[in-house]
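# sequence first, then the predicted structure:
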2 protein chains.
Amino acid sequence: MRKKRKNRTVVQKFGGSSVANTSRIKGVARRVAETRRAGNDVVVVVSALGDTTDELVGLAARITKSPRERELDMLLSTGEQVSVALLAMALHELGLEAASFTGAQVGIVTDSSHTKAKIVDISGNKLKETISEGKIAIVAGFQGTNTEQEITTLGRGGSDMTAVALAKVLNAELCEIFTDVKGVYTADPRVVKDARKLDTISYDEMLELASMGAQVMQARSMEVASKFDIPMHIRSSLSRGEGTIVTKEVKGMEDVLVRGVTANKDEAKVTVCDVPDKPGEASRLFRELADLDVNVDMIIQNVSRTGRTDISFTVCKKDLARTASLMKDIVRGIGAKGIKVDKDVAKLSVVGIGMRSHSGVAAKMFGALASEKINIDMISTSEIKISCVIAEKNADRAVRVVHNAFGLGAAGKSKKRSRAGKCRKK
Amino acid sequence: MRKKRKNRTVVQKFGGSSVANTSRIKGVARRVAETRRAGNDVVVVVSALGDTTDELVGLAARITKSPRERELDMLLSTGEQVSVALLAMALHELGLEAASFTGAQVGIVTDSSHTKAKIVDISGNKLKETISEGKIAIVAGFQGTNTEQEITTLGRGGSDMTAVALAKVLNAELCEIFTDVKGVYTADPRVVKDARKLDTISYDEMLELASMGAQVMQARSMEVASKFDIPMHIRSSLSRGEGTIVTKEVKGMEDVLVRGVTANKDEAKVTVCDVPDKPGEASRLFRELADLDVNVDMIIQNVSRTGRTDISFTVCKKDLARTASLMKDIVRGIGAKGIKVDKDVAKLSVVGIGMRSHSGVAAKMFGALASEKINIDMISTSEIKISCVIAEKNADRAVRVVHNAFGLGAAGKSKKRSRAGKCRKK
């Protein structure tokens, strides 16, 4: 007799579009059933059905303009609770044992930052017990409770965080993120016709892509996945076939210079003009913004020639009006002249761990933009990323020309190989 | 300085029609705010918005014909959670301090009978703490958790039970049940034009009325209210004015012979024919029905003349098909001939604690029916109630003629007084 092997534990997360209606929920159930019948222990994390969250927010809006966040969490967390109950029923209908749970019931403890809470602890006991009884555990994503048993939610994309955190607690062999795209692409396929699905990507690259608006997965969850080295698989809930495996850096990954190109049209640019170039002024500026809960993305300050300098930064478009009004006092306080804002901008980025050891990526990117006469407003770089702020109207064209310049397309894949040496020399 | 008096504690329960949409929720908030500003400590119990529960059941029906009750409870309990969050927001909008709670959060512990759980314990601590902080506590009706933290629901009308149970735990001075009618009437005002709203009614009378389909309040809740002597006020959420006070018997109540007349069209009649008239046969019959979870209401067995007898009983119309199919085996087992069923029946009842000490009520009731040539199928009586099973098509006419015979109408009220002596003599 063969010794019984311990089952693999797989966490599967299905987003709102995957459970948009009851027929999709049945489809999800079949998918989960397959994984279970293949001999895995399965924990499923589900988001709210389709537009449920927006509908609930709409209900609240008819009552008050500024709902308190505690009550908003009480309201919104019902969306996921509906999903888990329905998915459990669909699995029972397929003859499988399954039980649904709220975040509270599986002991997902968060801090008290309602609407954007952070998970501080998960007691895996209830889930381990459920799995050991041979059941599929279905957990409401996006939610937890603080130590006072108040319901909290984890903010946009919070179900990804639930999935990754559960994968960590359960020592899962795999965390699958099911979404409405087939995986991670070299560029947005709606913009770049020959964009290619990537078979693998590193955590770091994925993190840069996620935080740059690739919108496949929540950035914060990817940090956690990276930190605990949780193997992720981003794939489609609507079609079969492999998606993109997210993993730690493996040999050969650096052979690819640039993994992908993205344009984030969600940012706006703010320039503080004529700031006295004294130590501490920039720090004061951004400390005040942080105190006011404004998230700043890129920050650019060039060398000063006149004792005064301009400081530019980008914020979410939705935060621009608030930021601009808040800035008035700050500007006066630090003795600057005033501010200029521009919301018609986009941030174009190329990402790839290969660029760490290869030069010429910036030159190639800027050259491609110049060939299309696209002006660059701001530049910022990290170890594995180069970002440029450009006019929003040029964003799609810029993605296409840069995607092409790095030979990322489906057609370009074979070409790229043959000229790899050439790239490296640049 | 006047010594600060302890606030009165008032529990207010608002049903689904009272919170059917956001504008009604705002109305409920204004009502609650008034009670609070009048110097009361207020705990509010809310049902799900309008048709929410039916919509959720509909979602489940699209997934499976027979959802497991555990998952159904997980699903349905979200309805009340939405309501409490929205009502809290509406109260904040009015400048009041309020916090919403699920059943679990205020420690409503039930048994594990999903979809029809019974409350076994309530820890009042969270609510007492909330009240002592000067806040209005808003509690999701209809729900609790068992000791395994699984979500349970209390069955139809369960929010009434939540309200009564909280009133008990908090030693509330008053429990107000807000509904879409102005109070308890001498008969259904849709059927009897001059039906009169009662100012007061005893627990026992209300219990008989509630269990006979007056549908103003859940019968089980009324039992609890009676047991713990909780003063209840049944009133309209849509209009001002006093409703009906439910209280223990007070002096003078017996002066009224009959408090009200109801017809329950929700029952069906089953007759088991030719049952051997031996000790234990009836017991065996009803024990088997109970084991199969069929609720039986009236049971009639007349004296036997031939060694064999007929036994009739009534069940909910919705249970009739199931009961009939279950009965086949039972009938064979006890050696009866077969069964006859009739779903076109109604149960007509008159209720009043006054009839305990007065005779002639039955004669008057049967006489009124005879005068309209309405045939009586079955008769059953309790201390304060007389019920007759009649053809369903005669139900409304029967209510009107009996209501009139006892002088219960608005016009009849003064008349009745003048002939009270006459009534008693009958």
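Ah, there it is.
# could you list the low-pLDDT ranges of chain A?
Along chain A, the parts satisfying pLDDT under 70 run over A:1-5, A:211-215, A:254, A:304-305, A:411-426.
# so which residues of it form helices?
Counting by DSSP state H, chain A has these helices, from start to end: A:22-37, A:52-63, A:69-93, A:125-132, A:158-169, A:203-209, A:219-227, A:281-291, A:320-333, A:361-371, A:395-405, A:412-418, A:420-425.
# wouldn't A:Asp297 be in contact with A:Ser312 here?
No: with contact defined as CB atoms under 8 Å, A:Asp297 does not reach A:Ser312; the gap is 11.2 Å. Any C-beta I mention is one placed from the backbone N, CA and C, and that applies to glycine too.
# which one's more surrounded, these two?
Each of A:Asp297 and A:Ser312 has its neighbours counted (other CB atoms under 10 Å in any protein chain shown); A:Ser312 has more, 21 against 18.
# show me what that one is bridged to.
A:Thr271, A:Ile300 (DSSP bridges).
# and the gap between it and chain B?
39 Å (CB to the nearest CB, to the nearest Å).
# for that residue, give me its contacts.
A:Ser312 makes contact with A:269-272, A:298-301, A:378, according to CB atoms under 8 Å, 6 or more residues apart in numbering or on different chains.
# just put those residues in CSV and tack on neighbour count.
Formatted as CSV, these follow (neighbours: other CB atoms under 10 Å in any protein chain shown):
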residue, neighbour count
A:Lys269, 21
A:Val270, 22
A:Thr271, 17
A:Val272, 23
A:Met298, 17
A:Ile299, 14
A:Ile300, 16
A:Gln301, 16
A:Met378, 19
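# ok, so of the residues you listed, who is nearest A:Arg30?
Of all the contacts of A:Ser312, A:Met298 has the smallest distance to A:Arg30: 44.1 Å, by CB to CB.
# what does the stretch 51-200 of chain A put close to chain B?
The stretch 51-200 of chain A comes close to chain B at residues A:56, A:59-60, A:62-64, A:67-68, A:70-72, A:74-75, A:77-78, A:81-82, A:84-86, A:88-90, A:92-93, A:99-100, A:102, A:104-105, A:149-151, as judged by CB under 8 Å from any CB of the partner chain.
# domain parsing for chain A?
By the assignment in automatic domain parsing, chain A contains the domains A:8-180, A:252-426.
# wait, which of the helices of chain A is closest to B:Lys340?
Among the helices of chain A, helix A:69-93 sits nearest to B:Lys340 (CB to CB), with 37.6 Å.
# any of the residues of the stretch 51-200 of chain A next to chain B buried? List them.
A:56, A:59-60, A:63-64, A:67-68, A:70-72, A:74-75, A:77-78, A:81-82, A:84-86, A:88-90, A:92-93, A:99-100, A:102, A:104-105, A:150-151 (16 or more other CB atoms under 10 Å in any protein chain shown).
# would you map the strands across the stretch 151-300 of chain A?
A:151-153, A:174-179, A:200-202, A:232-236, A:244-247, A:260-264, A:267-276, A:296-301 (DSSP state E, counting those that start in this stretch).
# please identify the most buried of the ones you listed.
Most buried of those by mean neighbour count (mean count of other CB atoms under 10 Å in any protein chain shown) is strand A:151-153; its value is a mean of 30.
# partner strands of it and their direction?
strand A:143-145 (antiparallel).
# skipping adjacent residues, who's closest to A:Leu292 in space?
Counting by CB to CB, 6 or more residues apart in numbering or on different chains, A:Leu326 is the residue found nearest to A:Leu292 once chain neighbours are left out, at 5.2 Å.
# scratch that, A:Ala362
Using CB to CB, 6+ apart, the nearest residue to A:Ala362 is A:Ile386, at 5.4 Å.
# can you pull the contacts of that neighbour?
A:Ile386 neighbours (CB under 8 Å, 6+ apart): A:349-350, A:355, A:361-362, A:365, A:379-380.
# now, which of those sits nearest chain B?
A:Ser349 (39.1 Å; CB to the nearest CB).
# neighbours of the closest one, how many?
26.
# so who does it touch?
Contacts of A:Ser349 (CB under 8 Å, 6+ apart): A:208, A:212, A:261-264, A:385-388.
# chain B: which of those residues is nearest?
The closest of these, once distances to chain B are taken by CB to the nearest CB, is A:Asn264, at 33.1 Å.
# quick check: the gap between that closest one and A:Val246.
Using CB to CB, to the nearest Å, we find A:Asn264 at a distance of 20 Å from A:Val246.
# nearest to B:Ile201, of the helices of chain A?
helix A:52-63 (35.5 Å).
# ok now the closest one, how far from the chain's centre?
Distance, stretch centre to chain centre, for helix A:52-63: 24 Å (CA atoms, centre = their mean, to the nearest Å).
# what's it packed up against?
Applying 3 or more CB pairs under 8 Å, 6 or more residues apart in numbering or on different chains; DSSP states H and E, one finds that helix A:52-63 makes contact with helix A:69-93, helix B:22-37, helix B:69-93.
# can you say which of those helices is nearest to A:Val10?
Checking the helices and strands packed on helix A:52-63 against A:Val10 by CB to CB gives helix A:69-93 as the closest, at 14.7 Å.
# could you pull out the buried residues of stretch A:377-388?
For stretch A:377-388, by 16+ other CB under 10 Å, it's A:377-378, A:380, A:384-388.
# how many neighbours does the residue of the stretch 201-350 of chain A found nearest chain B have?
Nearest residue of the stretch 201-350 of chain A to chain B (CB to the nearest CB) works out as A:Ser237 at 16.9 Å. A:Ser237 has 21 neighbours, counted by other CB under 10 Å.
# buried ones in stretch A:275-283?
Buried residues in stretch A:275-283, counted by 16+ other CB under 10 Å: A:275, A:277, A:281-282.
# now do the end-to-end distance for it.
Stretch A:275-283 has its terminal residues 12 Å apart, counting by CA to CA, to the nearest Å.
# what's that stretch in contact with?
With CB under 8 Å, 6+ apart, stretch A:275-283 has contacts from A:285, A:299, A:301, A:304, A:306-311, A:334-336.
# and those residues, which are buried?
The buried subset of the contacts of stretch A:275-283 (16+ other CB under 10 Å) comprises A:285, A:301, A:308-311, A:334, A:336.
# show me what contacts A:Lys118?
A:110-111, A:154.
# pick the one among these closest to chain B.
A:Thr110 (15.3 Å).
# can you pull the contacts of the closest one?
A:Thr110 touches A:117-120, A:144-146, A:152, A:154, counting by CB under 8 Å, 6+ apart.
# on that earlier part again, among the buried residues of stretch A:377-388, which two are most distant?
Maximum distance among the buried residues of stretch A:377-388 (CB to CB): 21.9 Å, for A:Asp377 and A:Ile384.
# mind checking how far the residue of the stretch 201-350 of chain A closest to chain B is from A:Asp180?
7 Å.
# overlap of the contact sets of those two?
A:15, A:17-18.
# thinking again about what came up before, burial count for the residue nearest to A:Leu292?
By other CB under 10 Å, 17 other residues sit near A:Leu326.
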